[in-house]
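Student: Curious how this folds, go ahead:
(4 chains)
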Number of protein chains: 4
Amino acid sequence: MTDATDATTDVKDWWQTAIIDMEPGRIAFRGRPVQDLIGTVSFPQMIWFMVMGTLPSPAEAALFEAALVAAVDHGPQAPSIAAARMAATCGVGINNVMANGVNMLGNVHGGAGEQAVMLYADIARRHDDGTALPDATAAALDDWRAAHGRFIPGFGHRFHKPVDPRAPRLLALVDAAAAAGTVAGRFAAIGRAVEAHLAAEKGKAVPMNIDGATAVIFAELGCPPPLARGFFCLSRSVGILAHGWEQMQQGGRNKGPTPPHYRWTYTGPAAGG
Amino acid sequence: MTDATDATTDVKDWWQTAIIDMEPGRIAFRGRPVQDLIGTVSFPQMIWFMVMGTLPSPAEAALFEAALVAAVDHGPQAPSIAAARMAATCGVGINNVMANGVNMLGNVHGGAGEQAVMLYADIARRHDDGTALPDATAAALDDWRAAHGRFIPGFGHRFHKPVDPRAPRLLALVDAAAAAGTVAGRFAAIGRAVEAHLAAEKGKAVPMNIDGATAVIFAELGCPPPLARGFFCLSRSVGILAHGWEQMQQGGRNKGPTPPHYRWTYTGPAAGG
Amino acid sequence: MTDATDATTDVKDWWQTAIIDMEPGRIAFRGRPVQDLIGTVSFPQMIWFMVMGTLPSPAEAALFEAALVAAVDHGPQAPSIAAARMAATCGVGINNVMANGVNMLGNVHGGAGEQAVMLYADIARRHDDGTALPDATAAALDDWRAAHGRFIPGFGHRFHKPVDPRAPRLLALVDAAAAAGTVAGRFAAIGRAVEAHLAAEKGKAVPMNIDGATAVIFAELGCPPPLARGFFCLSRSVGILAHGWEQMQQGGRNKGPTPPHYRWTYTGPAAGG
Amino acid sequence: MTDATDATTDVKDWWQTAIIDMEPGRIAFRGRPVQDLIGTVSFPQMIWFMVMGTLPSPAEAALFEAALVAAVDHGPQAPSIAAARMAATCGVGINNVMANGVNMLGNVHGGAGEQAVMLYADIARRHDDGTALPDATAAALDDWRAAHGRFIPGFGHRFHKPVDPRAPRLLALVDAAAAAGTVAGRFAAIGRAVEAHLAAEKGKAVPMNIDGATAVIFAELGCPPPLARGFFCLSRSVGILAHGWEQMQQGGRNKGPTPPHYRWTYTGPAAGG
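Tutor: Model prediction:
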């Protein structure tokens, strides 16, 4: 029946995906039966495969995995972690606790890696056009600052001085992967060009931080900028879960940000005003 | 074409609602054209009409409105408010800020009103069965504690001692509405029976708090327990929005729970462990 | 002790607010004791007072109230409503259901009112500079399209043709309020100038929609653009709660978007690929 | 200064964690410097280490990894996936898209694994007390149904008939791990005892599904029930991200659940009613 078919087809077509195919007793992800993936591919491979559509080699997956491991947590001073811990005392499910944390990984809290991938890509484009790397870097940083302000995403750290211990370790893994031919090493060079430019500019080191270093990895592997944030969210979800669960074990009800007797400073009109 | 009709009908029927009807140029809520409601019914009337399905009288709506006004905020020590303010510094939209706050109004943070409505309903059922109100109250409290622990929802306050200033004002409005015949006043009597029981039990006042008092109003108006939480969420959304917006004006990036130099106390294994 | 005082002061000062002041037994919002507000101010007045810091007159509050009433719901085809209804079948609390809906009121779903306030403000600035209103409107629309694309927020509707029934009713209330001196009526004139410009441009009416009309109200009342979204979130929370609750009554487990037998259209590589 | 010290100590102590220690230039997770973990432990090892506090052996981690890989996605008919895809068209960040999905993994949508771990633990306790496994299973199922209704979590599938293809593969990996001495195999036996009981009861197979099988793995590894849900949330976050990102690539604005022309079935009072 043509009309009936059309009716069912437009409903079915409203939801289109290349990720999963299914019928009773059969599940395939991007053409591979699920039972052939379970126990065969690693979790990082599966993450990349689901999101990006290609199965990374073990060496590529190892680099991706290092980025995932590195970014899991930055402690209860991070607003996402504090909020998750507070949520854990409010009588909601552990999934709600996790959602509250991830929901806060916005442009400011979770966006530096994404922005660094964008910045690196801009430098790469200028370099492709024949500009020398230092000049491409200088021009890209100028444009970035004109558009977004002084702050260069992925470099410097308000807390980890002089050096964010995660960055040199990640960069060493990129260098090893480049030496082995796993990745080209181009974005490691670009990241270092940014470091060199900032050091010359300031007269002191403004070293790459975790966001700059994971962005090097994501860029080497061909990840679009928004997914740098997406993958960071997967990684940080681990810390959010760990802290939410620890808080559930510690107990408490309606945990506030400071011991209750501190309250807050009132800055409004006087009572009766 | 029968088949085509069937196909479209099952899709259309998948989403059924008595709340809203619509065609191009026409919107009706529960049978009333939207343009007849705008400027005619108050926002509290509209809330009740949308959720409960009946349009409350102005006097009923005034009582409901008092409950909505009373519960808008309890300050930045409340985890939902603190989380919303922190979220406001993380680079997310104002709707995400609000969602983070509301998402935390779980059983512990937002559930006392709902629980108090349940408790009152249980007392009312026992009273309906012929038990005297003090005895019905005693039995219901015993059962509540057996099932849920010592804490009686809606009575006492860890901060507002001796009295939560919102409760007597709300109860006075219920009394006035009962005197005017707007409500029966039965749940005000039940709430006071709980107060009397607790005072006798402890040898000192354990006065009704905001949750106990709004629960009286919701119960008088015939609201099912889960909606006591739902209406509270609408009310507290106001404070969440106010605080989120104030924080956006104050600025800050990735605001943590305490000034950063306090960090936290580490209780795990020693480094190298 | 100076040091001790400093220590407590910086913690207290970390959380500053002009919204609420509190000590045991006392709560004041922006200088007014809570018990003086309950039963005295309307819920819309309280919303504006909490968020904006000033208590609107009854006539101003009535206009604001009309905007809040108008935007409560647009049915289960709206993604926020559909998601809330689906969430209601997943075993989460009613506050989580509401948070899921509000969290989706982003730039595209919930931002048109905010954008329209920005557009109106731009036209007003140009008009203040001495440009005639039609020319100020034309220039502002040109700039808006250069920055944001063809779509003019607040005008036209993909569904409600020829007219969104909420807009003329809201505009009539603004006109009445302007006639009574409650508001200046300037932004109603600006909104109509946009309508006139679009009609001339297209050769047919592209009438103001709900977002354009509520934006007129918010702009007349002096509301900053982001709060147009914030207030819309408060309003739409009502529909989200109503639909979430109705779905809870209807039951269901893990409700999907279409009847299950439709599934979806798979567009990826063939199995074994 | 004693007082000053006390003041800072109570603030610092308000946030206690055994997960992370930090000072400028140094980050350690549960006593291990972050740079020693990056590139050394796998992501599944890191997940377990962060949440559970112990570093699993590679063989244990491989079993855990299989559970994480198996549960990443179940397609756009799952409400969490549909909601995430709709959110991706509403103008919110990719982290908000992910949060919306995870927030819906409540008791009904995400709780079956957690419940199955609880059920298995109850059977194990009865077996420890000397009851034969079939009898312990029968008694535990009776009690489960008395408390929670007919549905046994982790067994049967409304869609995958006769068999959920993920379950036998996971169980084979558990068997291999038991044969190798990595795990005891006790919960695989318990899961099979439940299968046998249900088959005898119904006169046909009600096979273990993904939730029952991942619960076997989590129970073998010593995971508390709520973390079965937490780990599932981490796993399903992958599919949520993949679908959210795919939808962002497909575009669309305010995607509803069905093609818009279907709308919904209105069941309320007639207009003018």
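
Student: was I right about A:Ile217 contacting A:Glu65?
Tutor: No - the criterion here is CB atoms under 8 Å, and A:Ile217 misses it with A:Glu65 at 9.7 Å. Where you see a C-beta, it was placed from the backbone N, CA and C, and this is true even at glycine.

Student: Pick out whichever of these two has more residues nearby.
Tutor: Taking neighbours as other CB atoms under 10 Å in any protein chain shown, A:Ile217 and A:Glu65 compare with A:Ile217 leading, 30 against 27.

Student: quick one, what contacts the more buried one?
Tutor: A:63-64, A:66-67, A:170, A:173-174 (CB atoms under 8 Å, 6 or more residues apart in numbering or on different chains).

Student: which one of those sits closest to B:Gly212?
Tutor: Closest to B:Gly212 out of the contacts of A:Ile217 is A:Ala67 (51.3 Å), distances taken as CB to CB.

Student: I'd like to know which elements the strand or helix carrying that closest one is packed against.
Tutor: Assigned by DSSP states H and E, A:Ala67 falls within helix A:58-70. Helix A:58-70 sits against helix A:43-52, helix A:166-179, helix A:210-220, helix A:225-250, helix D:43-52, with contacts defined as 3 or more CB pairs under 8 Å, 6 or more residues apart in numbering or on different chains; DSSP states H and E.

Student: Rebuild these as TSV, extending it with mean pLDDT.
Tutor: What follows is the helices and strands packed on helix A:58-70, written out as TSV (pLDDT from 0 to 100):
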stretch	mean pLDDT
helix A:43-52	98
helix A:166-179	98
helix A:210-220	98
helix A:225-250	98
helix D:43-52	98
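
Student: Please identify the deepest-packed of these.
Tutor: Stretch with highest mean neighbour count among these: helix A:210-220 (a mean of 29; mean count of other CB atoms under 10 Å in any protein chain shown).

Student: would you put the C-alpha positions of it in PDB?
Tutor: As requested, the backbone C-alpha atoms of helix A:210-220 are provided in PDB (Å, rounded to 0.1, in the frame of the first residue of the first chain):
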ATOM      1  CA  ILE A 210      46.200  19.800  30.200                       C
ATOM      2  CA  ASP A 211      43.700  21.400  27.800                       C
ATOM      3  CA  GLY A 212      46.500  22.400  25.400                       C
ATOM      4  CA  ALA A 213      48.000  19.000  25.600                       C
ATOM      5  CA  THR A 214      44.900  17.000  25.200                       C
ATOM      6  CA  ALA A 215      44.000  19.300  22.300                       C
ATOM      7  CA  VAL A 216      47.300  18.300  20.700                       C
ATOM      8  CA  ILE A 217      46.200  14.700  20.900                       C
ATOM      9  CA  PHE A 218      42.700  15.300  19.700                       C
ATOM     10  CA  ALA A 219      44.000  17.400  16.700                       C
ATOM     11  CA  GLU A 220      46.700  14.800  15.800                       C
END
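
Student: Apart from its neighbours in sequence, what residue is nearest A:Ala179?
Tutor: Counting by CB to CB, 6 or more residues apart in numbering or on different chains, A:Ala179 lies nearest to A:Gly185, which is 8.0 Å off, once chain neighbours are set aside.

Student: And for A:Ser57?
Tutor: A:Ser57 sits nearest to A:Thr182 (CB to CB, 6+ apart), 7.2 Å away.

Student: Can you report how many residues lie near that neighbour?
Tutor: 21.

Student: Any residue of stretch A:85-92 touching chain C?
Tutor: Yes - Stretch A:85-92 comes into contact with chain C (CB under 8 Å from any CB of the partner chain), by way of A:Val92.

Student: mind checking how far that stretch is from the chain centre?
Tutor: A distance of 25 Å separates the C-alpha centroid of stretch A:85-92 from that of its chain, computed with CA atoms, centre = their mean, to the nearest Å.

Student: for that stretch, what is the average pLDDT?
Tutor: Averaging pLDDT along stretch A:85-92 gives 98.

Student: what residues does it touch?
Tutor: Residues outside stretch A:85-92 that contact it (CB under 8 Å, 6+ apart) are A:76, A:94, A:96-97, A:100-101, A:243-248, A:251-257, B:79-80, B:82-83, B:103-111, B:257, C:92-93, C:95-96, D:15.

Student: neighbouring contacts of stretch A:120-127?
Tutor: Stretch A:120-127 has contacts (CB under 8 Å, 6+ apart) with A:133, A:135-137, A:139-140, A:143-144, A:186-187, A:190-191, A:193-194, A:215-216, A:219, A:225.

Student: Give the buried residues for that stretch.
Tutor: Residues A:120-124, A:126-127 are the ones in stretch A:120-127 that count as buried (16 or more other CB atoms under 10 Å in any protein chain shown).

Student: Now A:Ile27, what are its backbone angles?
Tutor: Phi and psi for A:Ile27, reported as degrees, to the nearest 10, are phi -130, psi 130.

Student: Show the model's pLDDT score for it.
Tutor: pLDDT recorded at A:Ile27 is 97.

Student: Look at the residue nearest to it when sequence neighbours are not counted and say how many residues are nearby.
Tutor: Once flanking residues are discounted, A:Ile27 sits nearest to A:Val34: 4.3 Å by CB to CB, 6+ apart. For A:Val34, the neighbour count with other CB under 10 Å is 22.

Student: I figured A:Val34 was touching A:Asp21, is that so?
Tutor: No - with contacts counted by CB under 8 Å, A:Val34 stays clear of A:Asp21, the gap being 10.3 Å.

Student: what's the overlap in contacts for those two?
Tutor: Common neighbours of A:Val34 and A:Asp21, counting by CB under 8 Å, 6+ apart, are A:27-28.
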